[in-house]
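Student: Sharing a model prediction with you, sequence too.
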Amino acid sequence: MAVLKKSTFMNSNRLDLHNIYKNFGNVKALKNVSMSTNSGQINCILGDNGAGKSTLVNIISGVFQQDEGDYKINDEIVSFSSPMEAMNAGISTVYQNLAIIPIMNIYRNFFLGQEPTKKGFFKTFDKEFATRTTIEQLEKFDIKIENPKRAAGTLSGGERQILAIARALYFGAKILILDEPTSALGVKESNKVVNQIISLKNQNINVILISHNIEQAYMLSDKFFIIKNGDMIDQFEKNQTSVNDLRKILGK
């Protein structure tokens, strides 16, 4: 099985899972799960805690490998043995905890683990490039940072969420998984993040959204995948369902 490189992604960033199974000892975390997502879409995975959402996301992002079934990107079977391999293929996850270090400055967080270096005999961190690039990339998301040397913890919750999204896109994410991106935010900050998520469709990104907020998920998403007890019990296009339908299926 292949490990894709970023260059494999063209105009389509299609992800297909076929008959995926994952067990942890006697616990059947996923049972015969199949789903397809494509570029320019927001695809929402809905389910209660323990339904299997996290396991599914961890398989897509290279944390786990499935026990059975096929994982395909653009119709090519792939196998990722680590999140870094998935990231190198253009698949990135912004988790609920963001992996933002509050006491570290903003530009260091932006390049965390992928620091740019100056040319020369001794490789040193290129602060000028890092600060300039951080400012430029955040401005694309309407976040104006006059001093990227200040601690990331001084950013608002929405700004930190957008920092994590901007970082993922800068490093080549074409399939972007967002884990409860607005769960800890107030209304104003949540709206700011929602607007940026919508903008990702215009960038041809394949967005996979994990959410407990059914109303927000319905507003944002083009396609819904319902997981219960490790089974993918239903899949809908937006025009095939409603908020009330989703609530009934989820027992909300």
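Tutor: Happy to help now that I have it. Residues are numbered from 1 along each chain as shown.
Student: residue ranges for the strands of this protein, please.
Tutor: 15-24, 27-37, 41-46, 68-73, 76-77, 91-94, 175-179, 206-210, 223-228, 231-237 (DSSP state E).
Student: Pull out the buried positions in the first one.
Tutor: To tie it back to what came earlier, the one meant is strand 15-24. L15, D16, L17, H18, I20, K22 (16 or more other CB atoms under 10 Å). The C-beta positions use only the backbone N, C-alpha and C, and glycine is treated the same way.
Student: out of everything not next to it in sequence, what's closest to the first one?
Tutor: So the one you mean is L15. T37 (4.9 Å; CB to CB, 6 or more residues apart in numbering).
Student: what's the distance between the one you found and I145?
Tutor: With distances taken as CB to CB, to the nearest Å, T37 is found 32 Å from I145.
Student: and these two? which has more neighbours close in?
Tutor: Set T37 next to I145 and count neighbours by other CB atoms under 10 Å: T37 wins out with 22 against 19.
Student: got the contact list for the more buried one?
Tutor: Taking CB atoms under 8 Å, 6 or more residues apart in numbering, we find T37 in contact with R14, L15, N43, I175, N206, I208, K223.
Student: shaky segments in the stretch 51-200 of the chain?
Tutor: Scanning the stretch 51-200 of the chain for pLDDT under 70 picks out the ranges 97-98.
Student: Run through the helices of it in chain order.
Tutor: For the stretch 51-200 of the chain, the helices defined by DSSP state H, counting those that start in this stretch cover 53-60, 83-88, 106-110, 127-139, 157-170, 187-202.
Student: among these, which is the most enclosed?
Tutor: helix 106-110 (a mean of 24; mean count of other CB atoms under 10 Å).
Student: CA atoms only: put that helix into PDB for me.
Tutor: Extracted C-alpha coordinates of helix 106-110, given in PDB (Å, rounded to 0.1, in the frame of the first residue of the first chain):
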ATOM      1  CA  ILE A 106       2.700  33.100  18.100                       C
ATOM      2  CA  TYR A 107       5.200  32.600  15.300                       C
ATOM      3  CA  ARG A 108       6.900  29.800  17.100                       C
ATOM      4  CA  ASN A 109       3.500  28.100  17.500                       C
ATOM      5  CA  PHE A 110       2.800  28.600  13.800                       C
END
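Student: Could you list every helix and strand in contact with it?
Tutor: helix 127-139, helix 157-170 (3 or more CB pairs under 8 Å, 6 or more residues apart in numbering; DSSP states H and E).
Student: Would you reformat these as CSV and include distance to E76?
Tutor: Formatted as CSV, the helices and strands packed on helix 106-110 follow (distance: least, CB to CB, whole Å):
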stretch, distance to E76
helix 127-139, 30
helix 157-170, 22
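Student: I91 is nearest to which of those?
Tutor: helix 157-170 (9.6 Å; CB to CB).
Student: got the angle between that closest one and helix 187-202?
Tutor: 20 degrees (axes from the mean of the first three to the mean of the last three CA atoms, to 10 degrees).
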